[in-house]
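Engineer: Below are the sequence and a predicted model; questions follow.
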Amino acid sequence: MNSYRCLPNKVLFGASPPTMAPTTTTTTTDTLCLNLQKLWLNETTADIHFVADNIRNESQLLPAHKCLLAVDSSVFYRRFFIDLEKESNIEICDVSAEVFSVFLSSFYQHKIAVTDRNVSDLIYLAKQYNAHNCMTQCEQFLKDKLTTENVCYAFELATVCNDMQMYRSCLMVIEKNFRRVLTTNGFLHCSHNVLKHILLSNIENRDEFALFEACMHWAKTSLERNNVEHNKMMDWRTELGECFELIRFGAMTPLQFMKCETIYPVFTTAELTEIKLRIISLADNGFQT
């Protein structure tokens with residue numbers, strides 16, 4: 001991905017006057033980058049403001065510059081310079097002012113303050129606004145600090161960016177900590193795409209019953225997060241969509257599937273018959289205990 005690159009003075013302002021002492025490219029670039037950082041949250045020079053609530057639920061005004069936002073975000077470029085929207089304040093409702101402030105910093109400096117607490121929100125913003133430097137910084141953070149808590153966020157990033165190295169690293173963490181990953185907030189709030197990739201993976205010794213229960217909890221959480229009314233468990237199955245078909249019910253033990261059938265009444269009569277016959281067949285061949 002392309003991160004923000006400061007341009008030499010002569011590119012921005014034309015050739016330097018002959019009377020000026022010569023400077024190295026490194027010095028010029030460093031100076032420009034430092035000057036650019038000074039514009040972050042600079043109220044005096046701002047021409048656009050974002051409004052978001054901080055952690056104390058107080059409305060906070062975050063100043064920014066349209067031209068700098070447009071450099072690294074095709075969404076902002078279209079909004080400000082193609083659609084020519086005239087608003088002076090843009091309301092932000094889905095993340096806190098603290099997180100959005102860090103997001104804005106990605107347009108003014110190369111390194112930003114990515115943490116375990118804000119990485120998921122920053123990835124969300126980077127995708128929403130197609131902000132390259134923010135996405136790059138989140139990707140690097142997750143590569144350097146891959147844990148059971150953030151592995152699902154990293155997995156999402158790996159699939160979006162087609163980063164096979166990170167993809168394989170994520171699968172290794174998931175396989176090594178399978179049950180634990182299924183209980184994390186990262187899994188509960190992962191995208192349908194990430195859930196599908198986990199279900200399609202050939203993780204050794206994966207607990208199919210634990211995975212099924214985690215998928216049902218994921219579906220319930222997804223419905224609640226999107227404010228969708230769900231009165232019965234069949235709604236959870238509908239939310240899972242094709243992912244439900246990827247669960248290997250035939251790999252469960254008879255006792256495990258009996259629990260599934262009892263706790264989660266989401267199977268048709270034909271499905272119950274087919275799955276039970278498959279389990280019995282595997283047990284007869286010594287694959288189940």
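Structural biologist: The structure has been received and is ready for your questions. Numbers count the residues shown, from 1 in each chain.

Engineer: Please tell me how far stretch 131-140 is from the chain's geometric centre.
Structural biologist: Put simply, stretch 131-140 sits 11 Å off its chain's centre (CA atoms, centre = their mean, to the nearest Å).

Engineer: Tell me how far residue 139 lies from residue 35.
Structural biologist: Between residue 139 and residue 35 the distance is 27 Å, computed by CB to CB, to the nearest Å. Any C-beta I mention is one placed from the backbone N, CA and C, and that applies to glycine too.

Engineer: Pick out whichever of these two has more residues nearby.
Structural biologist: Between residue 139 and residue 35, counted using other CB atoms under 10 Å, residue 139 has the larger neighbour count: 22 against 11.

Engineer: Sticking with that one, tell me its helix or strand.
Structural biologist: Element membership for residue 139 (DSSP states H and E) is helix 132-144.

Engineer: Which is the succeeding secondary structure element to that helix?
Structural biologist: Taking DSSP H and E, what comes next after helix 132-144 is helix 151-161.

Engineer: Which neighbouring elements make contact with that following helix?
Structural biologist: If contacts are counted by 3 or more CB pairs under 8 Å, 6 or more residues apart in numbering; DSSP states H and E, helix 151-161 sits against helix 119-129, helix 132-144, helix 164-176, helix 185-188, helix 192-200.

Engineer: I'd like to know which elements the last one is packed against.
Structural biologist: Which is helix 192-200. Right, helix 192-200 is packed against helix 151-161, helix 208-225, helix 242-245 by 3+ CB pairs under 8 Å, 6+ apart.

Engineer: Highest mean neighbour count out of these?
Structural biologist: helix 151-161 (a mean of 24; mean count of other CB atoms under 10 Å).

Engineer: any idea of the angle that one forms with helix 119-129?
Structural biologist: Taking axes from the mean of the first three to the mean of the last three CA atoms, to 10 degrees, one finds helix 151-161 and helix 119-129 inclined to each other by 20 degrees.

Engineer: and the angle for helix 151-161 with helix 132-144?
Structural biologist: Counting by the same axes, to 10 degrees, helix 151-161 lies at 130 degrees to helix 132-144.

Engineer: Touching helix 151-161 from outside, list them.
Structural biologist: Residues outside helix 151-161 that contact it (CB atoms under 8 Å, 6 or more residues apart in numbering): 1, 119-120, 123, 127, 135, 138-139, 142-143, 146, 163-164, 166-167, 169-171, 173-174, 177, 181, 184, 186-187, 189-191, 193-194, 197-198.

Engineer: Quick one, which of those are buried?
Structural biologist: 119-120, 123, 127, 135, 138-139, 142, 146, 163, 166-167, 169-171, 173-174, 181, 184, 186-187, 189-191, 194, 197-198 (16 or more other CB atoms under 10 Å).

Engineer: Can you list the low-confidence ranges for the protein?
Structural biologist: 1-26, 283-289 (pLDDT under 70).

Engineer: For the helix holding residue 139, enumerate the helices and strands it packs against.
Structural biologist: helix 66-72, helix 119-129, helix 151-161, helix 164-176.

Engineer: So for residue 245, which of those helices sits nearest?
Structural biologist: helix 151-161 (19.6 Å; CB to CB).

Engineer: Direction-wise, compare the closest one with helix 164-176 and give the angle.
Structural biologist: Using the same axes, to 10 degrees: helix 151-161 against helix 164-176 is 150 degrees.

Engineer: and helix 151-161, how far from the chain's centre?
Structural biologist: 7 Å.

Engineer: Now do that helix against helix 192-200, angle only.
Structural biologist: 100 degrees.

Engineer: Alpha carbons only: can I get helix 151-161 in PDB?
Structural biologist: The C-alpha coordinates for helix 151-161 follow below in PDB (Å, rounded to 0.1, in the frame of the first residue of the first chain):
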ATOM      1  CA  VAL A 151      -5.600 -12.400  15.400                       C
ATOM      2  CA  CYS A 152      -9.100 -12.100  13.900                       C
ATOM      3  CA  TYR A 153      -8.600  -8.400  13.100                       C
ATOM      4  CA  ALA A 154      -5.300  -9.400  11.500                       C
ATOM      5  CA  PHE A 155      -7.000 -12.200   9.600                       C
ATOM      6  CA  GLU A 156      -9.500  -9.700   8.200                       C
ATOM      7  CA  LEU A 157      -6.600  -7.400   7.100                       C
ATOM      8  CA  ALA A 158      -4.700 -10.300   5.500                       C
ATOM      9  CA  THR A 159      -7.800 -11.300   3.400                       C
ATOM     10  CA  VAL A 160      -8.500  -7.700   2.400                       C
ATOM     11  CA  CYS A 161      -4.800  -7.000   1.500                       C
END
